[in-house]
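K.L.:
Structure for the following, please:
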Amino acid sequence: MYSDAELIAAIGRSDQLNNAIFFIYEQYSSTIQSYILANSGTPPDAEDIFQETVVTFIDLVKKEKFRGEASIKTFLTAIARNLWLNELKKRQRSDAREKVFEHGREVTEMDVSQYIADREVKQQFVTVLGKLGEPCKKLLTLFYYENLTMKDILHHLPYENEQVVRNKKYKCLQALTEMVKQNPVIAKLVNQQSD
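P.N.:
Reported below is the predicted structural model:
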């Protein structure tokens, strides 16, 4: 058993240092580890912080920065508390960075998947439109992809008036709807888009 003064003296002597460290472990490890466990720490955290506390304490004693104004137990607890608070702050910053990164990644993944799905739908539609025949393909492409009005479409296709364009578009859409129903891949993609 060491008194506080004897323990400080033992730490200062290289032939006594191991005994002093062993004594610190025996006397104070459970108190300090319990403090860490009671404040969101895990058993490995408690062990790490205790070891760091001992190393810091010995270093301070050797540099004669321990003045004995508080008991060794109080001093060790203060060191452990500071080390643990710093560790928790570090982890919170790291968690915050992780959350920002994860959120950014989720948004990007959603955007990319949406883009791919849209592109897939368009490619499938282009394939199906090709099967409808050139007049329907041109008409539906101008209307849906080029966003042209019925009047504008008249300048591109040989129809007499807007009504004829409307009628033709209706018939092309009917044919397209039938083809989509028969093509499970497109039907599935279209349903996903409308969810």
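K.L.:
what about the strands in the protein?
P.N.:
For the chain, strands defined by DSSP state E do not occur.
K.L.:
Pass me the low-pLDDT residue ranges in it, would you?
P.N.:
Counting by pLDDT under 70, the low-confidence segments of the chain come to 100-122, 124-126, 183-195.
K.L.:
Quickly note the distance from the residue sitting furthest away from the middle of the chain to Ser29.
P.N.:
Relative to the centre of the chain, the most outlying C-alpha is that of Glu160, 58.1 Å out, by CA atoms, centre = their mean. Counting by CB to CB, to the nearest Å, the gap from Glu160 to Ser29 is 95 Å. The way it works is simple: take the backbone N, C-alpha and C, and place the C-beta from them, glycine included.
K.L.:
quick one, helices of this protein?
P.N.:
Assigned helices in the chain, in chain order: 4-12, 17-38, 43-62, 72-132, 134-140, 150-156, 162-182, 184-194 (criterion: DSSP state H).
K.L.:
any chance of these in CSV, with mean neighbour count too?
P.N.:
Listed next are the helices of the chain as CSV, based on neighbours: other CB atoms under 10 Å:
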stretch, mean neighbour count
helix 4-12, 16
helix 17-38, 16
helix 43-62, 17
helix 72-132, 13
helix 134-140, 17
helix 150-156, 14
helix 162-182, 14
helix 184-194, 13
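K.L.:
Give me the domain ranges for the chain.
P.N.:
With domains defined by automatic domain parsing, the chain comprises 4-96, 104-194.
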